[in-house]
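1. got a predicted model here, sequence first, then my questions.
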Amino acid sequence: MNRKLFLFDIEGTTTDFNFVHKVLFPYSRERMKDFVTLHETELKATLEEVSRTMVSEGGSQPDLNAIIGQLIKWINEDRKHKALKEIQGLIWDEGYKSGAFKGHVYPDVRPFFENLHSSGYQIGIYSSGSVKAQKLIMENSSAGDLTGFIKYYFDTQVGGKREKVSYQNIAIRTQLTPPEIHFFSDIPEELKAAQLAGFRVTQVLREGTASSEFPGIHQFAEFRF
């Protein structure tokens with residue numbers, strides 16, 4: 001069966017791990033307190049979600065300073081909490097617009113996207129970062145605006161990236177059969193979950209990534225479809 005959708009992880013696959021952890025995360029950490037304090041009213045529902053999580057995990061009802069402290073702690077832990085991802089996306093939006101940074105993508109990404117798009121294939125993103133954060137990286141990337149190539153964006157609203165059901169959910173949402181979807185990631189556990197769901201998979205072996213039992217490429221130009 002022919003592939004119809006090529007689905008990409010971001011961190012470690014299209015984008016350098018260090019951009020996320022040494023640029024984006026520190027930027028949101030440094031600006032978290034001022035941003036939340038300034039936008040407390042607009043963020044009311046999101047901050048209440050943080051508060052509910054803190055209480056459910058054994059804490060007392062937090063004040064604003066405690067909530068801000070918890071958000072910063074979650075950044076340090078790289079916790080995939082919906083409220084944190086939402087606020088980080090808003091902070092990063094300001095950073096992109098101010099020109100503080102551009103979204104890193106490897107040099108082989110745009111040519112591969114162009115090749116896939118011109119060949120009639122669909123392109124999707126599946127990342128633990130929020131859909132907003134994904135779009136910001138791709139719209140403001142070092143290779144220009146890539147959003148015109150991308151049809152689908154998925155985050156952990158469909159499930160965790162190491163869970164088979166998440167990939168089943170993606171197949172349902174795209175109305176494709178699992179074998180029609182090819183997933184690229186640097187993480188073997190993600191590839192295993194996708195493969196168990198029936199996806200075709202390829203490991204992307206960027207510098208420092210260890211190979212695994214899955215077929216691997218070092219650059220997208222090596223891939224044959």
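-> Alright, I've got the coordinates. Given the structure is predicted, the values throughout are model-derived calculations rather than measurements.
2. do you have the helices of this protein handy? List them.
-> In the chain, helices defined by DSSP state H lie at 17-19, 25-38, 44-56, 64-77, 82-98, 109-118, 131-139, 164-174, 188-196, listed in chain order.
3. and of those helices, who's closest to Phe6?
-> Of all the helices of the chain, it is helix 109-118 that lies closest to Phe6, at 5.6 Å by CB to CB. Where C-beta positions appear, they are placed from N, C-alpha and C, glycine not excepted.
4. neighbouring contacts of that closest one?
-> 6, 14, 123, 141, 143-144, 146, 149-150, 220-221, 223, 225 (CB atoms under 8 Å, 6 or more residues apart in numbering).
5. what's the PyMOL syntax to select whichever of these are buried?
-> The following PyMOL line selects those of the contacts of helix 109-118 that are buried, judged by 16 or more other CB atoms under 10 Å:
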select buried, resi 6+14+123+141+143+146+149+150+220+223
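6. now the contacts of helix 109-118 as TSV including pLDDT?
-> Converted to TSV, the contacts of helix 109-118 look like this (pLDDT from 0 to 100):
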residue	pLDDT
Phe6	98
Thr14	98
Ile123	98
Ser141	97
Ala143	97
Gly144	97
Leu146	98
Phe149	98
Ile150	98
Phe220	98
Ala221	96
Phe223	96
Phe225	78
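7. among the contacts of helix 109-118, which one lies nearest to Leu38?
-> Of all the contacts of helix 109-118, Leu38 sits closest to Ser141, with 27.7 Å by CB to CB.
8. who's in contact with that closest one?
-> By CB under 8 Å, 6+ apart, the residues touching Ser141 are 102-105, 109-110.
9. and with 6 Å instead?
-> For Ser141, the contacting residues are 103, 105, by CB atoms under 6 Å, 6 or more residues apart in numbering.
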